[in-house]
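1. Predicted model and sequence below, questions to follow.
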Amino acid sequence: MNINLTMIGQAIAFFIFVVFCMKYVWPPIMAALQERQKKIADGLAASDRAARDLELAQEKSAQELREAKQQAAALIEQANKRAAQIVEASKDDARKEGQKLIEQAKAEIEQERNQARDALRAEIAAIAVAGAEKILETSVDASKHNEMLEKLAAEL
Amino acid sequence: MAGSASEYIQHHLQNLTYGKLPAGYERADGTVLQETQWTLAQNAAEASDMGFMALHIDSLGWSVALGALFLFIFRLAAKRATSDKPGGLQNFVEVMVEFVDNSVKETFHGKNKVIAPLSLTIFCWIFLMNLMDLVPVDFLPQLFHLMGLEYMKVVPTTDVNVTLGMSLSVFALIIYYSLKVKGVGGFLGELTLHPFSSDNMFLKILLVPVNLLLEGVSLIAKPISLALRLFGNLYAGELIFILIALLPLWAQWTLSVPWAIFHILVITLQAFIFMMLTIVYLSMAHEDSH
């Protein structure tokens, strides 16, 4: 157990090692540790924020869904109303058309009846003339008595 | 075997010493030195005759090698240090660094960039040096014997020079920070005006020598106790391993295994104590409480 220069040698080695550790070992490791701490803290904060964002988004989507449903309901109602209107209008139109057709037909009928009456009248006039001829035994000059015949026909 | 037991023990406790022998010194092999010479000691007597001008090559070699190993591993981890997912080595190094950092923060509340790396160096280095104690006692000495070196003590902390070298460095730091933080006057005041103090000026002066004696002793005791505690524990442990090695081969493991297991605790604890006391002493040096 001799005390000798070894002590000083050890002290020098100690000094060098401590300086090396202080300069090249401690700072990078501490820096990495602190950076990781910061990263983890940031990550936790970000996840918190994301959770909050998600909640907000869910709320918003629910609300939009509700609005969309309401809109759709309104649209359907509107469409129903419009369809009813259209049906009503077309019913109206059909009725009018029918009326018109009926009137037309009536007018045609009237016309045809008139024509038939006219033809009948003319024939009756001719028959009357022929009858009168038979009676008078002479032929009646149709053109001479046309005026009289026409008057007669008009009286019919 | 019984006759050579003490020789065996002596041999194991002798450092490989390189030192200065004076002119006219008669060496163990009978040669007489013509002039003062630096040489390897051939036996214990020569080593002690070298006096202060001698180096324990083995202690220094192993301690520097182990310190370099510690710094190499930690530097490797520091270079690759990433704040992303750490690898195995970085995990281990980070655990050590955080452990030391927490120990420092719990005890030392000032601002000092030196103390934490200093503590890390102390803990890891002393742990590695102590760890050499668990290498079977004849393993490395025998290996070096085959290489032609007569003496080889592989546990640097069983050399009081090594522990003293470290504790005196710590002592120098204590003095340095005491002077830096408290100033020369403050430090001298701390040494001379406490623990006994008086309002009477005359009494105060009378109490100075008493205080100086008490505080001086407690100050000097710090590095001495630091060095001797570590040295004593490891020296005793090593001695017991050597004694166990003297037993018949079949009986050795019954004692050496329990002792080695117990010693794992001792070497870690001693490294930790050295580190903690260093932190405590330096934090006391920073406190301006008196």
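-> Now that the structure is in, tell me what you want to look at. Just so it is clear, the model here is predicted, and its values are computed rather than measured.
2. switch to C-alpha atoms for all contacts and neighbour counts from now on
-> Fine.
3. What sits closest to B:Pro209 if chain neighbours are left out?
-> Nearest residue to B:Pro209, sequence neighbours excluded (C-alpha to C-alpha, 6 or more residues apart in numbering or on different chains): B:Thr192, at 7.0 Å.
4. pLDDT score for that neighbour?
-> We note a pLDDT of 84 for B:Thr192 in this prediction.
5. Give me the phi and psi angles of B:Asp84.
-> B:Asp84 adopts backbone torsions of phi -80, psi -160, taken as degrees, to the nearest 10.
6. let me fix that: B:Asn43
-> phi -150, psi -180.
7. mind checking the SS state of the nearest residue to it once chain neighbours are set aside?
-> Closest residue in space to B:Asn43, ignoring its immediate chain neighbours: B:Ala28 at 7.1 Å, by C-alpha to C-alpha, 6+ apart. Under the three-state scheme (DSSP: H, G, I helix; E, B strand; the rest coil), B:Ala28 adopts coil.
8. Make sure B:Leu207 is actually in contact with B:Phe196.
-> Yes: using C-alpha atoms under 8 Å, B:Leu207 makes contact with B:Phe196 at a distance of 6.7 Å.
9. what's the neighbour count on the closest residue to B:Ser283 other than its chain neighbours?
-> Spatial nearest neighbour of B:Ser283, excluding adjacent residues (C-alpha to C-alpha, 6+ apart): B:Phe108 at 5.2 Å. Counted by other C-alpha atoms under 10 Å in any protein chain shown, the residues lying close to B:Phe108 total 20.
10. go on, the one 5 residues further on?
-> One way to gauge burial is a neighbour count; for B:Lys113, by other C-alpha under 10 Å, it gives 11.
11. That one: what's it in contact with?
-> Going by C-alpha atoms under 8 Å, 6 or more residues apart in numbering or on different chains, B:Lys113 touches A:Met22.
12. Return the residues in contact with the residue nearest to B:Asn43.
-> Shown in contact with B:Ala28 (C-alpha under 8 Å, 6+ apart): B:Gln42, B:Asn43, B:Glu46.
13. Just want the phi and psi numbers for it.
-> The phi/psi pair for B:Ala28 (degrees, to the nearest 10) is phi -60, psi -30.
14. With B:Gly19 instead?
-> phi -150, psi -170.
15. Repeat that for A:Leu54.
-> Dihedral angles (degrees, to the nearest 10) for A:Leu54: phi -60, psi -40.
16. any residue of the helix or strand that contains A:Val129 up close to chain B?
-> Using DSSP states H and E, A:Val129 maps to helix A:26-136. Yes: judged by C-alpha under 8 Å from any C-alpha of the partner chain, helix A:26-136 comes into contact with chain B through A:Trp26, A:Pro28, A:Ile29, A:Met30, A:Ala32, A:Leu33, A:Glu35, A:Arg36, A:Lys39.
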